[in-house]
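Asker: here you go, sequence then predicted model.
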Amino acid sequence: MAVNTALVKESFALLAPRIEPLTAYFYARLFAANPDLRTMFPPAMDGQRGRLFRSLAELVEMLDEPAGLRARLAEMGRDHRKYGTNEEHYTAVGEALLAALGRFLGPRWTPALQQEWTAVYGLIADTMKQAARDAAESTPSWWIGEIVGHERRADDLAVLTVRPDQPLPFAAGQYLTVQTSHWPREWRPYSIANPPREDGLIGLHVRALPGGWVSGALVRRAEVGQALLLGPARGSMTLDPGSDRDLLCVAGGTGLAPLKALAEEALARGRRVLLVFGARTGKRLYDLDGLRALAAAHPGLRVIPTVSDEPFHPGLQGTAAEAVGGLRDWSEHDVYVAGPPGMISATVARLRRLDVPDERVRHDPLPGVAGGPLPASPSAPPALDYLQ
Ligand SMILES: NC(=O)C1=CN([C@@H]2O[C@H](COP(=O)(O)OP(=O)(O)OC[C@H]3O[C@@H](n4cnc5c(N)ncnc54)[C@H](O)[C@@H]3O)[C@@H](O)[C@H]2O)C=CC1
């Protein structure tokens, strides 16, 4: 059945002011009907609550772009294998979701609207399940990664090197999710800081965010020899295989990680790269040595560090976005931007003013990475304590 996307979008928009009680009702109903599922979610549900509906909002928004929607759903389906999600869980979530929509839309929940939403959820679930089945033929549901390198570059920043127990396919520019033994069932996304290597090693740049459970554990408590759980690689901020344009990479803080990977990959293919690396202070330019080493190996790389919040630091002053504006014409470059959401927005706005076509500018989704877990089953990853 063709979905009446206008009707679905209109009804979803009506729910916006009541998303919090709706989400609470959804999870209460899901767990009441399927009590065993509760134990498979993180002990604290605060962050979790918003995730499912942020994902749903994103999918509803994409209903008019079938190819993009299918790709997004397939990625989510592959990723959900790490939670141990099985086909019955999709049914349970669908029932709770339709019940929650019906309750909060009240008299507007007509049989016709119910039919539309049933079709939309059917499309979501079927696409995710099929992608999960396909992925199961060639990859594990999750990987165990041994920490083989842990360098504290600052009190709140570490560069980790992780060796997955099995080949973990990814492309330069992608990210994966990580779980530590300190916070069971909490997964957080980190960009991979290198292109695929023969030894399979994966570099991660982690800043401990204030109150950040997983990032704090990765920076301050993780050690060489410990194990992490890794989800599959995700994200579409990758090199365009059909392009041979030079690259402008604009990094803010640890947003450097995916751009270093993309730069290395592009340089290996003979493309030239200008990498602007913005940080608040000189000390926070935490990987200048690594970038200098890359530039020494590749004459096609030029690195421009800039510092925004330390007035007497030598060299360029200002944010990476400001630096881009002052440099030159970027309209013939492929541009990649990564960093805090405000920095990405500011850089994209600046690039627009410089007449760089939108389709040449790539960044990960804002304001963060949407996509929360569907429920997990008892076949979910074991707690890491047992592995160490
Ligand atoms: N794929 C991606 O886009 C990735 C994003 N990140 C994100 O990057 C951030 C890195 O955090 P930190 O290293 O603490 O960076 P930070 O907060 O120290 O900021 C880095 C740079 O961005 C500038 N900046 C920050 N907010 C800005 C704004 N509103 N407008 C213009 N410039 C702004 C700062 O002045 C500084 O020069 C985290 O939010 C992390 O989630 C990290 C890795 C990959």
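Answerer: All right, it came through fine. Numbers count the residues shown, from 1 in each chain.

Asker: which positions within the longest strand along the chain qualify as buried?
Answerer: The residue-count maximum for a strand in the chain (DSSP state E) belongs to strand 143-154. The neighbour-count check on strand 143-154 (16 or more other Cβ atoms under 10 Å) flags 143-147, 150, 153 as buried. (Each C-beta comes from the backbone N, C-alpha and C, glycine too.)

Asker: now do stretch 89-103
Answerer: Buried residues in stretch 89-103, counted by 16+ other Cβ under 10 Å: 89-90, 92-94, 96-98, 100-101.

Asker: contacts for that stretch?
Answerer: 11, 15, 22-23, 25-27, 29-30, 33-34, 37, 56, 109, 114, 117-118, 121-122, 125, 128-129, 374-377 (Cβ atoms under 8 Å, 6 or more residues apart in numbering).

Asker: tell me where the chain has strands.
Answerer: 143-154, 157-164, 175-179, 188-191, 202-207, 227-230, 247-252, 273-279, 301-307, 316-317, 334-338, 361-362.

Asker: quickly note the distance from the residue lying farthest from the centre of the chain to residue 20.
Answerer: The C-alpha centroid of the chain is most remote from residue 107, which lies 37.4 Å away (Cα atoms, centre = their mean). Residue 107 sits 21 Å away from residue 20, going by Cβ to Cβ, to the nearest Å.

Asker: just residue 245 next, same as before
Answerer: Using Cβ to Cβ, residue 245 is found at 45 Å from residue 20.

Asker: and the two? Which one has more around it.
Answerer: Set side by side, residue 245 and residue 20 show more neighbours around residue 245, with 14 against 11, by other Cβ atoms under 10 Å.

Asker: burial check on the residue of the stretch 151-300 of the chain found nearest the ligand, number of neighbours?
Answerer: Nearest residue of the stretch 151-300 of the chain to the ligand: residue 253, at 2.0 Å (Cβ to the nearest ligand atom). As a burial measure, residue 253 scores 21 neighbours (other Cβ under 10 Å).

Asker: make 865 the starting number, not 1.
Answerer: Right, with 865 as the first residue, what we last looked at is residue 1117.

Asker: you'd agree it is up against residue 1143?
Answerer: Yes: here residue 1117 lies in contact with residue 1143, judged by Cβ atoms under 8 Å, at a distance of 5.9 Å.

Asker: how far out from the middle of the chain is the helix of greatest length in the chain?
Answerer: As assigned by DSSP state H, the longest helix anywhere in the chain is helix 975-1000. Chain-centre distance of helix 975-1000: 22 Å, with Cα atoms, centre = their mean, to the nearest Å.

Asker: list the buried residues in it.
Answerer: Within helix 975-1000, the residues that count as buried by 16+ other Cβ under 10 Å are 977, 980-981, 984-985, 987-989, 991-993, 995-996, 999.

Asker: and stretch 1128-1148, by the same measure?
Answerer: Buried residues in stretch 1128-1148 (16+ other Cβ under 10 Å): 1128-1131, 1135-1143, 1148.

Asker: still on that earlier bit, so which of the strands of the chain is nearest residue 1122?
Answerer: strand 1052-1055 (3.8 Å; Cβ to Cβ).

Asker: tell me which strands the closest one pairs with, and in which orientation.
Answerer: strand 1039-1043 (antiparallel) (DSSP bridges).

Asker: so what touches the partner strand?
Answerer: 943, 946, 1009, 1032, 1034, 1049-1056, 1066, 1068, 1078, 1082, 1092-1099, 1122, 1228, 1233, 1245, 1248.

Asker: now do the contacts for residue 1097.
Answerer: By Cβ under 8 Å, 6+ apart, residue 1097 lies in contact with 1032-1035, 1038-1040, 1056.

Asker: same check on residue 1154?
Answerer: residue 1124.

Asker: that older thread, go back to the buried residues of stretch 1128-1148 and keep what's next to the ligand.
Answerer: Restricting the buried residues of stretch 1128-1148 to those near the ligand by Cβ under 6 Å from any ligand atom leaves 1142-1143, 1148.

Asker: for those residues, which one is nearest residue 1178?
Answerer: For those, the nearest to residue 1178 is residue 1143 (13.8 Å; Cβ to Cβ).

Asker: quick check, pLDDT for that closest one.
Answerer: Per-residue confidence at residue 1143 stands at 97 (pLDDT).

Asker: dihedrals phi and psi, residue 1036?
Answerer: Phi and psi for residue 1036, reported as degrees, to the nearest 10, are phi -50, psi 130.

Asker: wait, it sits on residue 1132?
Answerer: No: using Cβ under 8 Å, residue 1036 is not in contact with residue 1132, being 9.3 Å away.

Asker: give the residues shared as contacts by those two.
Answerer: residue 1059.
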